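Chemist: Sharing a sequence plus its predicted fold:
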Amino acid sequence: MVLLLESGFDSDIFTFSSLINGLCRAHMLDDAFDCFPEMFQWNVTPSDVTYNILIRSLCIIGDVARALKLARKMQSAGISADVFSFNALIQCFCRMKKIEDAKKLLVAMLTLGLDPDRYTYGAFVKVFFESERLDEAIGVFHSMEAKGCFPDPYTCNLVLDSLVKKGYLEDARDIIKRCSRRSTKAVKCRQIGRWFSNHGDTVEELLSGDVTEHQAVNPFIHTTLCAGKVVLIIWWDM
């Protein structure tokens, strides 16, 4: 870092944050943390962006204890944690199946007046389904939609796949109908069509009363064959 600055690079927050981010992306976390104290030597104060880069990188490798310690250091420096900080920590706890710890962070997040986004909700939806806590997962899914945080295709696939495998067909039907009202990107839900056809549903019957027959078939939703399996295609709004 010293060589870069002595070569004419500006000793500002952008330079340091960019370098730290590049080192983290290159999986050179130790070098990134070596740069952190050098910022103070050059009279540069780390920003929330700098802290979040390091917190996120620690969470990616599962070092949540160190990430929490850094988050506290950030707060001590007078920089409030933001949605990005909380999301990194919450996602890490959820990956570790430490749901109660993730919930505590969510409470702290709300206490600070921060609004959860689709990544916050998505982390809880995923861990609840993986832990077979389906009722809680469905509740979170509906809460995120009520807040205007529409799930991404991955979360949608996870929800539908989990629901039909557990026999929650009415909940799956409800989600498919909601999906059919928004159309931009395609989501391939493996074997969902086969599940519903086994229970006597056609695509048109599944969506009856919500969309017209033309909309039910094209372009919003249709079935197709992929590798010999019936696949349901839902057009999804991002």
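Modeler: Sure, I can see it.

Chemist: Please verify my assumption that Cys24 contacts Leu54.
Modeler: Yes - here Cys24 reaches Leu54: they are 7.0 Å apart, a contact under C-beta atoms under 8 Å. To be clear about C-beta, it is placed using only N, CA and C from the backbone, and glycine gets the same treatment.

Chemist: Between those two, which is the more surrounded one?
Modeler: A count of neighbours by other C-beta atoms under 10 Å puts Leu54 above the other of Cys24 and Leu54, at 27 against 20.

Chemist: and the more buried one, how far is that from Lys69?
Modeler: Remark: distance between Leu54 and Lys69 (C-beta to C-beta, to the nearest Å) = 11 Å.

Chemist: Could you count how many residues lie near the nearest residue to Met39 once chain neighbours are set aside?
Modeler: Leaving aside its sequence neighbours, Met39 sits nearest to Phe16 (C-beta to C-beta, 6 or more residues apart in numbering; 5.0 Å). The tally of other residues near Phe16 (other C-beta under 10 Å) stands at 25.

Chemist: one step back: name all residues that sit in contact with Cys24 and Leu54 at the same time.
Modeler: Ala32 (C-beta atoms under 8 Å, 6 or more residues apart in numbering).

Chemist: about what we covered before: so how far is Ser57 from the residue nearest to Met39?
Modeler: Distance from Phe16 to Ser57, by C-beta to C-beta: 15 Å.

Chemist: Next, count neighbours for Gly148.
Modeler: When neighbours are counted by other C-beta under 10 Å, Gly148 registers 9.

Chemist: low pLDDT regions in the protein?
Modeler: Where the chain drops to pLDDT under 70, the residues are 1-11, 177-238.

Chemist: All the helices of it, residue numbers only.
Modeler: Per DSSP state H, the chain carries helices over the ranges 2-6, 13-25, 29-41, 48-60, 64-76, 83-95, 99-111, 118-130, 134-146, 153-165, 169-179, 192-198, 203-206, 213-217.
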